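> Need a 3D model of the sequence below.
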Amino acid sequence: MDYHPDVWVIIELAGNDVPEGKYYRVLAGWYGGYGGSDAWKASSGIVAVRDHDTHWEIENTSGSLYYCHKNTERLSGYTASILNKFMQGNSPELFIRKVSIQEVDLATRC
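Below is the predicted model:
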């Protein structure tokens, strides 16, 4: 499945119960427009990031691809509220934070 979010950020999950100590996911958001509802989705887990001129192609463990435009790396009001809910559950076993795409530490980064 391919996704083209309106806004997006990378979130890092780290802690004692996280395989390999940490991993990254895309938190993506779409604007609903007039009469519609905003939507969000968190990816399964980033396995590769490919740099293109205008966008990042981000591959996930599920096989899905997120095409994230470089000028839309930000939170909307709605995705900010979702991230805040995720972060409220932080514990010694799981810590969540927003990071820039440049902070993603992957051996498969292209």
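
> rest of the way, CA atoms for contacts and neighbours
Fine.

> And stretch 46-56, what's buried?
Neighbour-count burial for stretch 46-56, counted by 16 or more other C-alpha atoms under 10 Å, picks out I46, V47, A48, V49, H55, W56.

> so what pLDDT did the fifth one get?
At H55, the predicted lDDT confidence score is 97.

> Any chance of JSON lines for the buried residues of stretch 46-56, columns distance to D2 and secondary structure?
Formatted as JSON lines, the buried residues of stretch 46-56 follow (distance: C-alpha to C-alpha, whole Å; DSSP: H, G, I helix; E, B strand; the rest coil):
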{"residue": "I46", "distance to D2": "14", "secondary structure": "strand"}
{"residue": "V47", "distance to D2": "15", "secondary structure": "strand"}
{"residue": "A48", "distance to D2": "14", "secondary structure": "strand"}
{"residue": "V49", "distance to D2": "14", "secondary structure": "strand"}
{"residue": "H55", "distance to D2": "14", "secondary structure": "strand"}
{"residue": "W56", "distance to D2": "13", "secondary structure": "strand"}
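
> so the nearest residue to W56 once chain neighbours are set aside is in which element?
Leaving aside its sequence neighbours, W56 sits nearest to C68 (C-alpha to C-alpha, 6 or more residues apart in numbering; 5.1 Å). Per DSSP states H and E: C68 is located in strand 65-69.

> Put the alpha carbons of that strand into CSV.
Coordinates of each C-alpha in strand 65-69 appear next as CSV, following Å, rounded to 0.1, in the frame of the first residue of the first chain:
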residue,chain,number,x,y,z
LEU,A,65,5.6,2.9,1.2
TYR,A,66,5.1,6.5,2.5
TYR,A,67,5.9,9.3,0.0
CYS,A,68,6.6,12.2,2.3
HIS,A,69,7.2,15.6,0.7
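
> what's next to that strand, contact-wise?
Residues outside strand 65-69 that contact it (C-alpha atoms under 8 Å, 6 or more residues apart in numbering): 1-5, 7-8, 54-59.
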